[in-house]
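Participant: Just a sequence and a predicted model for now, questions to come.
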Amino acid sequence: MPRENPLSSLSLFVPQIFQDVQKTVINHRKNAVVLRKFQFQCSQFNDDNHNFGENEFNKEFVRNVNKILPVKKGQANAERVITFIATFVNYCQEKENERGSDSSDTIDNDSTLLSRFTGFLLRHFLKGIEAKDKNVRLRVCQLIGLVIDSIEVIDGDLYEHLKDELTKRLLDKESSIRVKAVEACSKLQCEEIGKDIVEKLLGIMQNDPIAEVRRAVLLNIDLNENTIPHIFDRTRDADASIRRDVYVRSSEEIGDFRVLSIETREKLLRNGLTDRDPQVNKACSNFLAYNWVQHANNNLLELLKRIDVVGSNVAQDALLTIFKSRPDLMQTLNFDESFWESLTIESVFLVQVFCEFNKEDENKLDEVLPEVSKFALYIQKHINLMQEAFEEDIVSCEFIVGQLLIISKFLDYGDEIGRRKMFNLLREVLMLNHVPDDHIESIVEVMKKLSIDERDFARSMAEILNDIREKIETENDQGYKYQIEDELSASILNLSIRSGSSERSMSTIDSKFTLDDEDRKLTTKITNIKCLNIVRYILERSEESLRNNPSMYGILNEFILPNLQSPEPMLHELSIHCLGLSCLLDQRLTDDKFGLFIYCAGLTNPELQNKALMVIFDIVMMYSYPFVVENIRQGDQILELLCACLHNENPVVLATTVEGIAKLMLSQMIYDKNILKELVILYFDVETATNTRLRQCLSYFFPVYCHSSVENQRLMLQIFVPSLVNLMDEYRQLKNKEMIPPLQIAQQLIDWADPSKVVKSEQNEEIIEYGAHADIAIDIIKELFRETNKELRKIYCLVLNKLNIDESAGTLRFKKLTLLTGNLKTKKPLIDAVSRNALKKFEDSILRFYNDAPEPLNDNEL
Amino acid sequence: MEGGTREKKKKEPVSINFIDSEDLDERIIFSSGGSIINAPKLAERVSHSHLLPEDMHFSSKNLLNLFLKPQFMLNSKRRYEA
C-alpha cells in the first residue's frame, strides 16, 4: 500500500501549525512534536530527487516565518511564533540526541536532518540582516540568536558568516536591534574561535550609550577571568539596574568568592554597600549576607579571613550589613573568657564591630565586655606582644591593640579601681616611644571619658605631655653621655696599640659626636610630632574656652607655638592645625594669630595653604563672617583671599575653597553675586571635570542653596544671564569640544532658578516671586541685540522657550517683552529658520497671557 | 456608538493570518534599499565608559560642620563678645 504523500498537504499543514501556536504557548510542545513528525515524513519522500522532500518543507517553513518578520517588537502573537520556533528546534535537537548513532537519515558524519534545516534557516535569516526595515533586522537577529541557542553544532563557514554579520549589527542605529544582536553574538562566544566576539561585546558594554544594550551584554557574556574585571567595573555603571545586576548575576554564577582576588572583593563590597540606589545596595547586601556567608560555612570568623580586615576600609561596613541582615548569625556569637584569652585579628575585629552595632544597648554590651580591670590586662598583654613582635607580626599586633582601644570606648567606667587601672595603663602607653596615630586618637578619647570634666582632662593630658618630653630629654642626655664614655674607652685602646694614629682617632670621635647630634634631632622631631598629634586630638574634643583652662594655655605655649617656626614641613603644618583648633576656643588668640593663617593661605605650598584655608573657614563659621571682618585683625582680607583661591591651580586647594565658600553662603554669612557666579562658572568649567570633590560639593550645594530661600534664589536670578553669557563664550572658543552643551547648562540654571521649587516656610515672610523668569527672558533678549554669532543666537532663542513664564510675570514685564521682541525682529533679524521659529514660539506664548496691544512704555519703565 | 465600536475593535487581539494571506516577497522584505542602518559612532571609545565617578555622599552635614572638627555640632551661640 503506497504511503500518503505529505507534500500534497504541506502548504496547508504548516500554516495551520503557525496559526495555532500564535494564540498560546500551551500548545507549543504538542505542535512541535506533530511538526517534527511531519518534517521527518517529508524527508523520507524524495521522489528520486535527493533531499527534495525536506527542501520543500524548509521552503514552506520560511514562507510562513516571513509573515512575522515585518511585525514590530512587542506584538504578542509574533513573539509566540518566535518562541515556538525555538521550542521546535530544541525538540528536534532532543530527538537527534535520542537517536544517537542511528545513521538512517545521515548523509555523512556532520550532516543531519536538523543541521540541514537549521543551516537553511540561518542562511535565510542572514539574507535579511541588513534590511532597511528595522523590524526585519530585529526579527532576524532575534531568530538567529534563538536558533543558535537551541542547537549544539554549527558548520564552520556558517559560523564565520554569522559572526561577521552579527557583529555589524552591534553597531545598528536602533538600540533594540543592538540588544538582539548582543544576545545572538553571545551564543557565538566559545573558546578561541569566539575570542574576538568577546572583545567586541566588552567594548559594547563599556561604550554603548543605551543602558539596555550594556545590560544585555552584562547578562549574556560568559564569566571568566578575562571578562570578570570588566563586569565588575559595571558596579559603577551610570544605570542602577546594571549595577544591581552585577550583584545578582555574581551571586547566581560565582560560587565561592575566594576565586576573586582580595582587591576585587573589596571593590565589589565598597561599591555596592555605598550605592545610593536602594535596590543596588540591597542586592549587594544579599550577595554578602547570604552567598558569601554561606560559602564561609556561616562562620563569620571564616568570612573575615577572606576580607582583609587589617587593610580594608570596607570590612566594617560589610560586617555591620551582615549583622543587620542576619540577626540569626549574631545570635550564635559567643564572647566568653576563652574568646578574650585567644584574640586574633579577625575575632577582635568581630567583637569591635559587634559593640559598634549594639552601642545603644548597654545590657548587651555588659554581657559581652569584660570589666574594666580585666580589660586593661588584655590591653597590657597585647601591648607587650606588640613590643616583642617580629617585623612580620607588627602590623597584626598593632591592629589588635588598636581594636582593643576602640572597644575601650564602649566600657562602663563606673568602677573607680577600674578607672584608675585604665588611666595608668593608657598613660604608660602614651609614654612608649612608638605609638600608632590611630591608637593615640582612641586613647585620648578614653582619657576624656575617664576625666571628671574638661579642665581635669586638660590638666592630666598636659602632665602626660610634659612627662613625654622630659622622658625623651632624659633618654637623649643619658645616651649622649654613654656614647662619649664608650668611644673614649675604644679610643684609649686604639692609642695603646697604634700610638702613631692618635690624631685620626680623635677625628673619629668628632664624627661620632656629629652622628649622635643627628640622632637626637630625629628623636626630638618624632617626639614633637607625637606630642602635637596628642594635642590635636585633645583640642578636637574640647569645647570650653581656653581662658578658663590654664593647662590649655600651657599646652599652647609649650607645644604649639614653638613648632610654628619649625623648618620641618610636617611639624609646621601640624602646629598650624593645632593653632587653628585653639583659635576656635579663644577669640583673643584668634585676633593675635589670624594674620598668620592669611599669610599661610597665600603661600605656594598646597598642603599648608589647604590647612590654613580650612582654619580660616572654621574661624569664620565659628565667629561669623561679619564679626571677623570687623573685629579680627586682617579679617577684612578674607574676601580678597577667597577670590584669589578660586583661581588656584591645585585641585585640593580649589575644592576646599569651594566647599568653604559653600558653607558660608549656605549659612548666609556671605551674600555676594560675583562669588556665586564664580562657583557656577567653576561647576561647568572643563578644567574641573576631574575634580570630583568640587563637582559633587556644588552638585549638592546649588539646589539646596537656591531652593531653601527666596533671597538666595534672587542672587541666582541675578547672575543667570551673565553666567550663561560667559559659559557660551567659552563654549564657542573651545569649538564645542568636551564642554557640556549650553542648552543643557541653561536648563540646569533654570532648575536652580525655579521659583516653584523654593521651600515654603511658616517662619519666614518671604514672598516667592513667581514671575522672575520673565526678567531672565528680558535679559536674554537684550543679549540677542548684542550677540552676533549665529550659533549662539540660536541657543539663546531656544533657551527662551525653556523658561517658565505665565501670568504671574505681570503686565509691565509683558510689555517689555513684547516691545523687545518686536524691536529685535526689525533691528537685529534672525537669519536661520530654527532661531526665527523659536522666537516666534516664544512670542506666541507671551501673547497667550497678554493679548492686548501693549501700551507705550515711558522711559523709566523701559 | 462609533466610540463603542472602536473600543470593541481595540480589545480584539491582533492575529497574524498564515492560512490565506498573500506571501511576502522575500526580495522586498529583505531589501536593504541602500539606506544607512549603522551608527559608526557606536564603535568609538567613550572616555568615561558610562561609569559614575566616586560618590562622596555630600550632605548637609558636610556644609554645616567644621573642617577641623567634623563631628562638632555648631550651635547658634557664638564664641565672641560684643
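Facilitator: Received the coordinates, thanks.

Participant: buried residues in stretch A:781-795?
Facilitator: Neighbour counts over stretch A:781-795 (16 or more other CB atoms under 10 Å in any protein chain shown) mark A:781, A:783, A:784, A:787, A:792, A:793, A:794, A:795 as buried. The way it works is simple: take the backbone N, C-alpha and C, and place the C-beta from them, glycine included.

Participant: Give me the subset of those residues that lies in helices.
Facilitator: A:781, A:783, A:784, A:792, A:793, A:794, A:795 (DSSP state H).

Participant: that older thread, just send the buried residues of stretch A:781-795 back as CSV, with distance to chain B and pLDDT too.
Facilitator: Shown next, in CSV, are these (distance: CB to the nearest CB, whole Å; pLDDT from 0 to 100):
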residue, distance to chain B, pLDDT
A:781, 36, 96
A:783, 32, 95
A:784, 33, 95
A:787, 30, 91
A:792, 25, 92
A:793, 28, 94
A:794, 23, 94
A:795, 23, 94
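
Participant: Closest to residue A:380 out of those?
Facilitator: residue A:795 (71.9 Å; CB to CB).

Participant: In contact with residue A:385, which residues?
Facilitator: By CB atoms under 8 Å, 6 or more residues apart in numbering or on different chains, the contact list for residue A:385 reads A:397, A:400.

Participant: Could you check which helix or strand contains it?
Facilitator: helix A:372-388 (DSSP states H and E).

Participant: For that helix, buried residues please.
Facilitator: A:372, A:375, A:376, A:378, A:379, A:381, A:382, A:383, A:386.

Participant: Walk me through the regions of chain B where pLDDT falls short of the threshold, as ranges.
Facilitator: Counting by pLDDT under 70, the low-confidence segments of chain B come to B:1-13, B:74-82.

Participant: can you map out the helices along it?
Facilitator: Going by DSSP H, chain B shows helices at B:2-11, B:26-29, B:60-64.

Participant: which helices and strands does the last one pack with?
Facilitator: Of the remaining helices and strands, those touching helix B:60-64 by 3 or more CB pairs under 8 Å, 6 or more residues apart in numbering or on different chains; DSSP states H and E are helix A:651-666, helix A:692-707.

Participant: Using JSON lines, please lay out those together with mean neighbour count and mean pLDDT.
Facilitator: Shown next, in JSON lines, are the helices and strands packed on helix B:60-64 (neighbours: other CB atoms under 10 Å in any protein chain shown; pLDDT from 0 to 100):
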{"stretch": "helix A:651-666", "mean neighbour count": "22", "mean pLDDT": "97"}
{"stretch": "helix A:692-707", "mean neighbour count": "20", "mean pLDDT": "97"}
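
Participant: What helices and strands are in contact with the helix or strand hosting residue A:822?
Facilitator: Assigned by DSSP H and E, residue A:822 falls within helix A:811-827. Contacts defined by 3+ CB pairs under 8 Å, 6+ apart place helix A:811-827 against helix A:772-786, helix A:833-849.

Participant: can you list these in JSON lines and add distance to residue A:710?
Facilitator: Shown next, in JSON lines, are those (distance: least, CB to CB, whole Å):
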{"stretch": "helix A:772-786", "distance to residue A:710": "10"}
{"stretch": "helix A:833-849", "distance to residue A:710": "23"}
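
Participant: any idea which of these scores lowest on pLDDT?
Facilitator: Ranked by mean pLDDT, the helices and strands packed on helix A:811-827 end with helix A:833-849 at the bottom, a mean of 91.

Participant: Next, the angle from that helix to helix A:772-786.
Facilitator: Compare the direction of helix A:833-849 with that of helix A:772-786 by axes from the mean of the first three to the mean of the last three CA atoms, to 10 degrees and you get 140 degrees.

Participant: Name the residues of helix A:833-849 that are buried.
Facilitator: A:835, A:838, A:839, A:842, A:843, A:846.

Participant: what residues are up against the fifth one?
Facilitator: Residues in contact with residue A:843, defined by CB under 8 Å, 6+ apart, are A:818, A:821.

Participant: Please apply the same query to the first one.
Facilitator: Under the criterion of CB under 8 Å, 6+ apart, the contact list for residue A:835 reads A:790, A:793, A:794, A:797.

Participant: what do you get for the fourth one?
Facilitator: The neighbourhood of residue A:842, defined by CB under 8 Å, 6+ apart, consists of A:777, A:797, A:800, A:801, A:821.

Participant: let's go with 6 Å and repeat that
Facilitator: A:800, A:801 (CB atoms under 6 Å, 6 or more residues apart in numbering or on different chains).

Participant: any idea how far it lies from residue A:805?
Facilitator: 9 Å (CB to CB, to the nearest Å).

Participant: same thing with the last one?
Facilitator: Using CB to CB, one gets 7 Å for the distance from residue A:846 to residue A:805.

Participant: Give me the mean pLDDT for stretch A:354-374.
Facilitator: 95.
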